[in-house]
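**Q** Got a predicted structure here, sequence first:
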2 protein chains.
Amino acid sequence: MLEQFHVPEDLAVRVEPEALRNMATSLFQKVGVPQDDASLAADVLVTADLRGVDSHGVSNMLRSYIRGYNEGTINPNPVWNIERQSPSTATIDCDAGLGVIMGPKAMEIAIEKAKNVGLGMVTMKNSGHMGMVSYYAMLALKHDMIGVAMTAAGPSVLPTFGSELRLGTNPIAVAAPAGKDHPFVLDIATSVVAGNKISLARRIGSLIPGGFIADMEGTPIMEEGPLPERYRNLPMGSTRVLGSHKGYGLASVVEILCGILSGGGYAFSPESLAHPKGHYRHMVAAYRIDAFTDANEFKGLMDEWMQGLKDTPTAPGHDRVLVPGQPEHESELDRGEKGIPLHPEVIQWFQDISKELEVPYLL
Amino acid sequence: MLEQFHVPEDLAVRVEPEALRNMATSLFQKVGVPQDDASLAADVLVTADLRGVDSHGVSNMLRSYIRGYNEGTINPNPVWNIERQSPSTATIDCDAGLGVIMGPKAMEIAIEKAKNVGLGMVTMKNSGHMGMVSYYAMLALKHDMIGVAMTAAGPSVLPTFGSELRLGTNPIAVAAPAGKDHPFVLDIATSVVAGNKISLARRIGSLIPGGFIADMEGTPIMEEGPLPERYRNLPMGSTRVLGSHKGYGLASVVEILCGILSGGGYAFSPESLAHPKGHYRHMVAAYRIDAFTDANEFKGLMDEWMQGLKDTPTAPGHDRVLVPGQPEHESELDRGEKGIPLHPEVIQWFQDISKELEVPYLL
């Protein structure tokens, strides 16, 4: 489904990842972010673009972040603070710093703790948006650790049987290293579909499959049809019969581990609703593999198991079974070589914002 | 959906939980399980019955476990062994001991580690069936900890786009304490539906909703209809469009954390296929709440958040929004008072097995 988001090949302007990274870094610096943090934020965005997750790359998110800094809803110089910690845990008050910048810092703390005692888990409150959550999970890989990351956002999804929004799309990411093969990387929203997938359907006027959305009263729409003017997002599973209580339950777990455990509140709490852009809650964790088993044996077994999954005979109409992280890995190879395809409209935005902020145009 | 599994009220024979516990304990002892372990196993089963999870209670599982002990596929006196550990982690070789008995022991180790360093996580290999996984997660509650438990079983579910079984139903459980309210307890398979829900549909001849199963070639059957003779189980999400890659991905995470991380292999590995009953892999974990935030504040926030979820206005045709663990909590109150309803056929089995094994009949 990734390709649904991609710029049509005939329109795409291919841009060097390095140029995009430098451009994004300059823009972050111009709105007041210190250089190291600006590079970090740029790397999170460009990594999303490289991995084919365009919805979380520069085209969608950079504009929103720049706007947030300009409006003062995101703090470019947060005085973040570890509020409480133990040998394996920490809770960070992010002081409205962008999640994309705070995430790597928190994950480094989790990794350090895992080095010392086997596991590390860090919860984060009062933070901005986190972008592609698998970025933070993947930071564990080079340390031969399993990485976990999740983020709790504002209310945009119904609970099962409900008619009002109570949970965010609350994605969960898990990354685990393999030996010769690419790493296993899962990164999924706990809603049926990402919100921007539905916006795209509106833009191109395509029909919406049954099970994607509910009507405004909360009843799941189970027949394919045109997108209604207004609608509600459903938790993964779509209906109770097909398991929407599972999506709702997993979104709730994300809320507990990110929001309640950090003391940062929950999606529909008054504080969250008052400061939507500076009130995301996150959790990142690292598990040291050799605290459980030999790391090389683990990676060998990962190779063997993932190959077995890839070798699964396919259902009619499909030519291969994929492993989580495989399409993103293939995109990374392809775009690393050919450049990142941007829509001309995004290129235009870069030109405009460069002029507006008086930053050299680098693409 | 819980009620689908329940014995029709007019047939049900109500049995005292304590009598059922004693009866199950005697039977476990008779097949060679030491008394303490037998009580533990009985408590896991009867807790499932009390919580309305009949599929994992005495009626379904006790018979299977007794058979396993008699056939020698489960070891009544396992010499289990911590193969590797760190301040927050351990890996246990269960020596083919029943998961239901090994689970509480492993969780006690995880809790002890969490007391010391904040988090504890224990992986387990070479184990028997684990029953209702939320039992182990809930052991964390009285310590003001969040509990996690998962188990990786033999292949019974398709990967997205595949036509052969590669993953177990691989359930995930998470338990978190509230203050005045009942605890939050999520316990979900990563497949669309539990296998025995489909068997039940066959028994009562009811139609199967679209999205429940795939045909033998791996194509999801999206129209309601009669249950075909042979079929395949789908991962949560049913189809790629509705998110089956998420169910497949979560089942894979369970396989990694339980099977690969313990060194215990994976669902379709030759060792697993050779010893299906003694080759389950599990993971249990405990997170100490006050390693992150004040435990009373956490529980107060849980109360507030869960009440907010319960107060969500409902969609037409539904009279309330439930929180994970709420129906099970209500069942526990009801059955604790009125007794556990058993089918006359199960009562008959208890009478027969009592005679066969020369154990006093206690119900």
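**A** Noted; the coordinates are in hand. Numbers count the residues shown, from 1 in each chain, chains lettered A, B, ... in the order given.
**Q** Would you mind confirming that residue A:39 is in contact with residue A:26?
**A** No - Residue A:39 sits out of contact with residue A:26 when judged by Cβ atoms under 8 Å, with a separation of 10.3 Å. For glycine as for every other residue, the C-beta is placed from the backbone atoms N, C-alpha and C.
**Q** In the stretch 251-363 of chain A, what residue lies closest to chain B?
**A** Nearest residue of the stretch 251-363 of chain A to chain B (Cβ to the nearest Cβ) works out as residue A:315 at 3.0 Å.
**Q** Relative to residue A:167, how far out is the closest residue to that residue other than its chain neighbours?
**A** Nearest residue to residue A:315, sequence neighbours excluded (Cβ to Cβ, 6 or more residues apart in numbering or on different chains): residue B:218, at 3.0 Å. Residue B:218 sits 32 Å away from residue A:167, going by Cβ to Cβ, to the nearest Å.
**Q** Out of these two, name the residue with the larger neighbour count.
**A** Using other Cβ atoms under 10 Å in any protein chain shown, the more surrounded residue of residue B:218 and residue A:167 is residue A:167, with 29 against 24.
**Q** what's near enough to touch the residue lying closest to residue A:30 once chain neighbours are set aside?
**A** Once flanking residues are discounted, residue A:30 sits nearest to residue A:357: 4.6 Å by Cβ to Cβ, 6+ apart. Each residue near residue A:357 by Cβ atoms under 8 Å, 6 or more residues apart in numbering or on different chains is listed here: A:27, A:30, A:31.
**Q** Show me how to select, in ChimeraX, the buried members of these.
**A** Selection of buried members from the contacts of residue A:357 for ChimeraX, criterion 16 or more other Cβ atoms under 10 Å in any protein chain shown:
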select /A:27,30,31
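**Q** Adding distance to residue A:110, write the contacts of residue A:357 out as a markdown table.
**A** Output for the contacts of residue A:357, formatted as a markdown table (distance: Cβ to Cβ, whole Å):
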| residue | distance to residue A:110 |
| --- | --- |
| A:27 | 29 |
| A:30 | 31 |
| A:31 | 28 |
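**Q** how about the contacts of residue A:357 in a markdown table, adding pLDDT?
**A** Listed next are those as a markdown table, based on pLDDT from 0 to 100:
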| residue | pLDDT |
| --- | --- |
| A:27 | 97 |
| A:30 | 97 |
| A:31 | 97 |
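**Q** For the contacts of residue A:357, could you give me CSV that also reports secondary structure and distance to residue A:344?
**A** Rendered in CSV, the data for the contacts of residue A:357 read as follows (DSSP: H, G, I helix; E, B strand; the rest coil; distance: Cβ to Cβ, whole Å):
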residue, secondary structure, distance to residue A:344
A:27, helix, 19
A:30, helix, 23
A:31, coil, 24
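**Q** partner strands of the host helix or strand of residue A:175, parallel or antiparallel?
**A** Using DSSP states H and E, residue A:175 sits in strand A:172-176. Here strand A:172-176 is paired, per DSSP bridges, with strand A:145-152 (antiparallel), strand A:184-188 (antiparallel).
**Q** Out of those strands, which is the most enclosed?
**A** strand A:145-152 (a mean of 28; mean count of other Cβ atoms under 10 Å in any protein chain shown).
**Q** Next, see if the helix or strand containing residue A:137 gets close to chain B.
**A** Using DSSP H and E, residue A:137 falls within helix A:134-138. No - using Cβ under 8 Å from any Cβ of the partner chain, we find that helix A:134-138 stays clear of chain B, coming within 10.8 Å at best.
**Q** Which residues in that helix does the neighbour count mark as buried?
**A** Using 16+ other Cβ under 10 Å as the test for burial, helix A:134-138 gives A:134, A:135, A:136, A:137, A:138.
**Q** And the closest residue to the second one other than its chain neighbours, how close does it get to residue A:354?
**A** Meaning residue A:135. Nearest non-adjacent residue to residue A:135, counting by Cβ to Cβ, 6+ apart: residue A:44, 5.0 Å away. Applying Cβ to Cβ, the value for residue A:44 to residue A:354 is 21 Å.
**Q** so where's chain A shaky on pLDDT?
**A** Within chain A, the stretches with pLDDT under 70 are A:1-5.
**Q** quick check: longest helix of it.
**A** Taking DSSP state H as the criterion, chain A has its longest helix at helix A:99-117.
**Q** Okay, buried residues for that one please.
**A** When burial is assessed from 16+ other Cβ under 10 Å, helix A:99-117 yields the following buried residues: A:99-111, A:113-114, A:116-117.
**Q** filter the residues you listed by proximity to chain B?
**A** Within those, those near chain B by Cβ under 8 Å from any Cβ are A:116, A:117.
**Q** what helix or strand does the closest residue to chain B within the stretch 151-300 of chain A sit in?
**A** Nearest residue of the stretch 151-300 of chain A to chain B (Cβ to the nearest Cβ) works out as residue A:218 at 3.0 Å. Residue A:218 belongs to no helix or strand when assigned by DSSP H and E.
**Q** was I right about it contacting residue B:315?
**A** Yes - using Cβ under 8 Å, residue A:218 makes contact with residue B:315 at a distance of 3.0 Å.
**Q** Need the overlap of contacts for these two.
**A** With Cβ under 8 Å, 6+ apart, residue A:218 and residue B:315 have common neighbours A:158, A:161, A:162, A:163.
**Q** rewinding a little: which secondary structure elements does the longest helix of chain A contact?
**A** Applying 3 or more Cβ pairs under 8 Å, 6 or more residues apart in numbering or on different chains; DSSP states H and E, we find helix A:99-117 packed against helix A:35-50, strand A:89-93, strand A:119-127, helix A:134-138, strand A:145-152, strand A:280-288.
**Q** I'd like to know which elements the first one is packed against.
**A** Packing contacts for helix A:35-50, counted by 3+ Cβ pairs under 8 Å, 6+ apart, involve helix A:17-30, helix A:99-117, helix A:134-138, helix A:326-338, strand A:340-342.
**Q** Can you give me the buried ones in it?
**A** For helix A:35-50, burial by neighbour count (16+ other Cβ under 10 Å) applies to A:37-50.
**Q** so what's the residue positioned nearest the centre of chain A up against?
**A** Geometric centre of chain A, nearest residue: residue A:132, 2.4 Å, by Cα atoms, centre = their mean. With contact set as Cβ under 8 Å, 6+ apart, residue A:132 has these partners: A:44, A:47, A:48, A:51, A:53, A:56, A:57, A:187.
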